[in-house]
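**Student:** the amino acid sequence is not available; the structure is as follows:
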């Protein structure tokens, strides 16, 4: 594993059994004096049941802020170093929403594993079914 994570890196990760070839995209890094660096990541290759998505399936989580400890535990193989960052059109809106709340002191960071986060999101989206 690399000594340091950087924006633009894409890492393979172990997803849930129902997920595909899951990857972590590191979009940006925010310094935090309490928890250390906060890594703004996105997850691709997941299969989240979501009735609000066309076809009922969501394959990308566009923004997941995590701690370095959590990222180190999840990242299994560096795949690329020239991937998207927080200014990419697919991720910028979610990242900017996070930054606005973070700057106001109203945003948190996940310390769960990525499979636990995906399960949590799936449960939340399932509860919105009508």
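**Tutor:** Ah, there it is. These numbers were taken from a predicted model, which means no experiment stands behind them.

**Student:** residues in contact with residue 70?
**Tutor:** Taking Cβ atoms under 8 Å, 6 or more residues apart in numbering, we find residue 70 in contact with 110, 111, 112, 113. C-beta coordinates here come from the backbone N, C-alpha and C atoms, glycine included.

**Student:** hmm, which of the residues you listed are the buried ones?
**Tutor:** Neighbour counting with 16 or more other Cβ atoms under 10 Å marks 110, 113 as buried within the contacts of residue 70.

**Student:** residues near residue 116, how many?
**Tutor:** Using other Cβ atoms under 10 Å, residue 116 has 13 other residues around it.

**Student:** okay, buried residues for the helix or strand harbouring it please.
**Tutor:** Using DSSP states H and E, the element containing residue 116 is helix 114-126. Neighbour counts over helix 114-126 (16+ other Cβ under 10 Å) mark 114, 115, 117, 118, 121, 122, 125 as buried.

**Student:** before we move on, what about stretch 90-101?
**Tutor:** Across stretch 90-101, burial judged by 16+ other Cβ under 10 Å covers 91, 92, 94, 95, 98, 99.

**Student:** cool, stretch 64-80 as well?
**Tutor:** Across stretch 64-80, burial judged by 16+ other Cβ under 10 Å covers 64, 65, 66, 67, 70, 71, 74, 75.

**Student:** again, but for stretch 16-32
**Tutor:** Buried residues in stretch 16-32, counted by 16+ other Cβ under 10 Å: 16, 19, 22, 23, 24, 25, 26, 27, 28, 29, 30.

**Student:** please name every helix or strand in contact with the helix or strand that contains residue 40.
**Tutor:** Element membership for residue 40 (DSSP H and E) is strand 38-49. If you count contacts as 3 or more Cβ pairs under 8 Å, 6 or more residues apart in numbering; DSSP states H and E, strand 38-49 packs onto strand 23-30, strand 57-67, helix 68-74, helix 92-103, helix 114-126.

**Student:** let's see 10 Å
**Tutor:** strand 10-13, strand 23-30, strand 57-67, helix 68-74, helix 92-103, helix 114-126 (3 or more Cβ pairs under 10 Å, 6 or more residues apart in numbering; DSSP states H and E).

**Student:** show the average pLDDT along the helix holding residue 116.
**Tutor:** Taken as a whole, helix 114-126 has a mean pLDDT of 91.
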